[in-house]
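Engineer: quick one: sequence plus predicted model below, questions after.
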Amino acid sequence: MITLRGLTKRFGPATAVDDLTVDILPGRVTGFLGPNGAGKSTTMRMILGLDRPTAGRALVDGRPYRELRHPLHTVGALLDAGAIHPARSGRAHLLATARSNGIPRRRVDEVLALVGLDERAAAKPGRTLSLGMGQRLGIAGALLGDPPVLLFDEPVNGLDPDGVRWIRQLARSLAGQGRTVLVSSHLMSEMQQTADQLVVIGRGRLITDAPVAEVLAGGAAAAVRVRVPQPSGLAALAARLAAEAVTVEADGPDALTVTGLTAERVGDLAYDLGVRLHELTTVAPSLEQAFMALTGGSVEYAANGSPETAR
Ligand SMILES: Nc1ncnc2c1ncn2[C@@H]1O[C@H](COP(=O)(O)OP(=O)(O)OP(=O)(O)O)[C@@H](O)[C@H]1O
């Protein structure tokens, strides 16, 4: 379990993490979500004792990282996948970490197998590793001490679809074993498929801490898409909907998206007007829409497009 209490980090006048209080519980994948610069990496660095909080506490299994007696056996982290010596092989890198932490050699073979790196890949020098292999090696390092708590900072960044699927399954299976798994991402769609719980931050502050399903249900209203083949019918329906105090947006040349009415009500209004429909669909909000509804003002670059395209 990870416990954050009033966790705050200031860099000069800038507040990167602002009074964060959250419990990150075992047995589930917690998605740590926020736009670039929201403070996710800084929070993870404080959990791992790499940055000192300006105020508040970050505890792993009840202790600050620096007071852990067996840190590698308590918490494993993937922070920067590129953090391996360019001339050293992946296997040598893991062996050195294992040796200095009293972990037996055979565990290195176990974790290499766990992350799907074969002998040839493990023998390559760091500088020749692909991004995906680097991520796998970083995760192998995180798993070395078989820790009950795992932190993955943007693990799917730059990975191909197979790599993304693999990380997703790994995170889920680690949580299934009862571990605490915290995965940061600025990709809402990714978290929708991976996480059970969401901790969303914006500008260092907690925006929400809730199950994914709850964020989806409460963050943004479902919309209704209605497609009308005749332009006159489309105009008549749009005018009628305008009188209903709902949000109506054009959706291509022959369709409208209506927020604030059920599909049944939109269908009934069309029927009353004698307007023929070719489609009437309820569109569930995506996590991304829910996220935008939640973060609103905290997304500094909203004008440049969605957070997914901002990196
Ligand atoms: N060492 C530092 N010195 C000064 N400012 C910093 C430092 N580290 C982070 N920051 C600032 O703190 C804020 C939070 O950064 P952080 O990297 O934690 O965000 P993030 O949510 O992880 O985003 P990203 O995904 O872009 O890394 C940013 O405004 C960043 O510029």
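Structural biologist: Perfect, I can see it now.
Engineer: taking the stretch 51-200 of the chain, what residue is nearest to the ligand?
Structural biologist: Using Cβ to the nearest ligand atom, the closest approach of the stretch 51-200 of the chain to the ligand is made by H186 at 5.6 Å. Bear in mind the C-beta positions are built from the backbone N, C-alpha and C, glycine included.
Engineer: same check, this time on the stretch 201-311 of the chain
Structural biologist: Residue nearest to the ligand within the stretch 201-311 of the chain: G204 (6.7 Å; Cβ to the nearest ligand atom).
Engineer: let me know the pLDDT of that residue.
Structural biologist: If you check G204, the pLDDT there is 91.
Engineer: same question, the one 4 residues further on
Structural biologist: At T208, the model reports a pLDDT of 88.
Engineer: quick check: it is in a strand.
Structural biologist: Yes: assessed by DSSP: H, G, I helix; E, B strand; the rest coil, T208 belongs to a strand.
Engineer: what ranges does the stretch 51-200 of the chain have for its helices?
Structural biologist: 71-74, 90-100, 105-114, 119-122, 131-143, 161-176, 188-194 (DSSP state H, counting those that start in this stretch).
Engineer: looking at these, which is buried most?
Structural biologist: Of these, the one with the most neighbours on average (mean count of other Cβ atoms under 10 Å) is helix 131-143, at a mean of 23.
Engineer: for it, packing partners?
Structural biologist: Applying 3 or more Cβ pairs under 8 Å, 6 or more residues apart in numbering; DSSP states H and E, one finds that helix 131-143 makes contact with strand 75-78, helix 90-100, helix 105-114, strand 149-153, helix 161-176.
Engineer: pLDDT (mean, whole number) over the fourth one?
Structural biologist: Right, the one you point to is strand 149-153. 96.
Engineer: so who does D209 touch?
Structural biologist: Counting by Cβ atoms under 8 Å, 6 or more residues apart in numbering, D209 touches 22, 197-200.
Engineer: rerun that using 10 Å as the cut-off
Structural biologist: 20-24, 30, 197-201, 215 (Cβ atoms under 10 Å, 6 or more residues apart in numbering).
Engineer: separation between it and T43?
Structural biologist: D209 sits 13 Å away from T43, going by Cβ to Cβ, to the nearest Å.
Engineer: ditto for R28
Structural biologist: Applying Cβ to Cβ to R28 and T43 gives a distance of 18 Å.
Engineer: okay, those two: which has more neighbours?
Structural biologist: T43 (30 against 19; other Cβ atoms under 10 Å).
Engineer: how about the more buried one: what's its closest non-neighbour residue?
Structural biologist: Take T43 and drop its neighbours on the chain: the residue closest to it by Cβ to Cβ, 6 or more residues apart in numbering is V17, 5.3 Å away.
Engineer: who does that neighbour bridge with?
Structural biologist: In this structure, V17 bridges to K9 when assessed by DSSP bridges.
Engineer: before we move on, the earlier item: just the buried ones out of the contacts of D209, please.
Structural biologist: Neighbour-count burial (16 or more other Cβ atoms under 10 Å) applied to the contacts of D209 gives 20, 22, 24, 30, 197-201, 215.
Engineer: hang on, the earlier thing: give me the neighbour count for the residue of the stretch 51-200 of the chain closest to the ligand.
Structural biologist: 20.
Engineer: start at 494 instead
Structural biologist: Got it, first residue is 494 now, which makes that one H679.
Engineer: how about whatever helix or strand R498 lives in as CSV, C-alpha atoms only?
Structural biologist: Assigned by DSSP states H and E, R498 belongs to strand 495-504. The C-alpha trace of strand 495-504 is given here as CSV (Å, rounded to 0.1, in the frame of the first residue of the first chain):
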residue,chain,number,x,y,z
ILE,A,495,1.1,3.5,-0.7
THR,A,496,0.0,6.3,1.5
LEU,A,497,0.2,10.0,0.5
ARG,A,498,-0.6,12.6,3.2
GLY,A,499,-0.6,16.3,2.3
LEU,A,500,2.3,15.5,-0.1
THR,A,501,3.7,18.7,-1.5
LYS,A,502,6.7,19.6,-3.7
ARG,A,503,7.7,23.1,-4.7
PHE,A,504,10.5,23.9,-7.1
